[in-house]
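Asker: Provided below for reference: sequence and predicted model.
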Amino acid sequence: MILRKIYTNGNFYTFNPRIPNVQAVVIENGRFIDMGANDEILLQWGGSCDVIDLEGKTVTPGLIDSHLHLSIIADSFTNLD
């Protein structure tokens with residue numbers, strides 16, 4: 001089963017220098033499949049998905065932090081096992 005949603009009226013930071021911000025995205029089964037201006041996305045995908053209005057909220061990609069303390073990691077390389 002395909003689960004597809006459109007998020008519109010957002011301020012999406014893509015971290016892509018060619019397209020740094022978009023207004024809308026399409027997500028299918030947990031993956032981004034399209035992005036662009038509200039009208040473009042709704043015209044192409046609007047009839048086939050749930051539409052969620054973000055009311056101007058900002059969205060950034062998930063950042064996963066492995067939480068390393070570099071000084072401790074570097075120090076571990078100076079010691080023998």
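Answerer: Nice, I can see it. Numbering: from 1, shown residues only.

Asker: drop to CA atoms for contacts and neighbour counts, all remaining ones
Answerer: Noted.

Asker: any idea which helix or strand carries the residue nearest the centre of the chain?
Answerer: Geometric centre of the chain, nearest residue: Pro61, 3.7 Å, by CA atoms, centre = their mean. Following DSSP states H and E, one finds Pro61 outside all helices and strands.

Asker: which residues does it contact?
Answerer: 13-14 (CA atoms under 8 Å, 6 or more residues apart in numbering).

Asker: which parts of this structure are strands?
Answerer: Under the criterion DSSP state E, the chain contains strands at 4-8, 11-16, 19-22, 24-28, 31-36, 50-53, 58-59.

Asker: so which of those strands is nearest His67?
Answerer: The closest of the strands of the chain to His67 is strand 11-16. By CA to CA, the value is 21.3 Å.

Asker: give me the buried positions along that closest one.
Answerer: 11-12 (16 or more other CA atoms under 10 Å).

Asker: what is that strand packed up against?
Answerer: When contacts are defined as 3 or more CA pairs under 8 Å, 6 or more residues apart in numbering; DSSP states H and E, strand 11-16 sits against strand 19-22, strand 58-59.

Asker: state the mean pLDDT of it.
Answerer: Per-residue pLDDT values across strand 11-16 average out to 91.

Asker: counting neighbours, what do you get for Thr58?
Answerer: Neighbour count for Thr58, taken as other CA atoms under 10 Å: 13.
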